[in-house]
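**Q** Build the 3D model from these lines:
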Amino acid sequence: MSASLGRRDDDQAVTEATVRYRVWPPVAIVGPLLGGLMLTAQWGDPIALGDRRTPLGWALVLFFLGWNGWALWLFARHRTGLLPGQATNAIIEDGPFRVSRNPLYVGLLALYLGLAALVPTVWGLLLFPAAVLLLLWGAIQPEERYLRERFGAAYEAYAKRVRRWL
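**A** Residues are numbered from 1 along each chain as shown. Alright, predicted model coming up:
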């Protein structure tokens with residue numbers, strides 16, 4: 001989520017026009033997965049994932065499509081920005097945003113696991129924590145800092161009610 005220049009509830013000017021990501025979210029997700037795929041291609045996987053990986057992988061991909069589709073629809077419905085440089089005009093608290101402050105990232109991580117299971121790549125699964133940490137450090141922490149500045153007490157109250165992940 002990105003945001004444009006705005007004002008807090010207490011009318012203090014927000015100092016930054018947009019979120020300054022340390023790592024762009026798609027890179028945080030794709031980088032470790034591609035690294036895992038390269039390791040699998042180079043050395044193979046140390047263990048087999050078994051036959052249950054396929055239905056589980058597809059279930060995670062379908063979860064991603066439904067969950068992220070719902071969240072994206074809410075961005076459009078609330079007329080608030082999604083991409084860097086677009087204005088964040090509202091704190092969305094409907095749908096998946098009732099249970100996660102970062103439902104799009106939860107969905108992307110589910111997609112990561114689903115693709116790693118479908119390919120399969122054990123190395124990709126082992127690198128999953130790197131994707132989580134990159135996403136947390138590179139995107140979520142800067143977004144949270146921005147939203148606290150942008151929306152003040154309203155965001156603080158939301159953050160107290162709703163978990164970061166699930």
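
**Q** Does residue 39 touch residue 123 like I think?
**A** Yes. Taking C-beta atoms under 8 Å as the contact criterion, residue 39 and residue 123 are neighbours in contact, 3.7 Å apart. Where you see a C-beta, it was placed from the backbone N, CA and C, and this is true even at glycine.

**Q** Just want to know which of those two has more residues nearby.
**A** Neighbours per residue (other C-beta atoms under 10 Å) separate residue 39 from residue 123, with residue 123 holding more: 22 against 18.

**Q** lowest average confidence, helix or strand, in this protein?
**A** Of all helical and strand segments in the chain, the minimum by mean pLDDT, DSSP states H and E falls on helix 141-151, at a mean of 93.

**Q** what residues does the longest helix along the chain touch?
**A** In the chain, ranked by residue count with DSSP state H as the criterion, the top helix is helix 53-77. Contacts of helix 53-77 from elsewhere in the structure, counted by C-beta atoms under 8 Å, 6 or more residues apart in numbering, are 81-82, 92, 94-97, 103-104, 106-108, 110-111, 113-118, 120.

**Q** In what element of secondary structure is residue 108 found?
**A** For residue 108, the enclosing helix or strand under DSSP states H and E is helix 103-118.

**Q** Report all helices and strands that that helix contacts.
**A** Using 3 or more C-beta pairs under 8 Å, 6 or more residues apart in numbering; DSSP states H and E as the contact criterion, the neighbours of helix 103-118 among helices and strands are helix 25-43, helix 53-77, helix 122-126, helix 128-135.

**Q** Now do the contacts for the residue nearest to residue 28 when sequence neighbours are not counted.
**A** Residue nearest to residue 28 in three dimensions, not counting chain neighbours: residue 134, with 3.7 Å by C-beta to C-beta, 6 or more residues apart in numbering. When contacts are counted by C-beta under 8 Å, 6+ apart, residue 134 touches 23, 27-28, 31-32.

**Q** okay, which residue is most central for this structure?
**A** Computing the C-alpha centroid of the chain and ranking residues by C-alpha atoms, centre = their mean puts residue 105 first, at 1.6 Å.

**Q** Next, count neighbours for residue 31.
**A** Residues near residue 31, counting by other C-beta under 10 Å, number 15.
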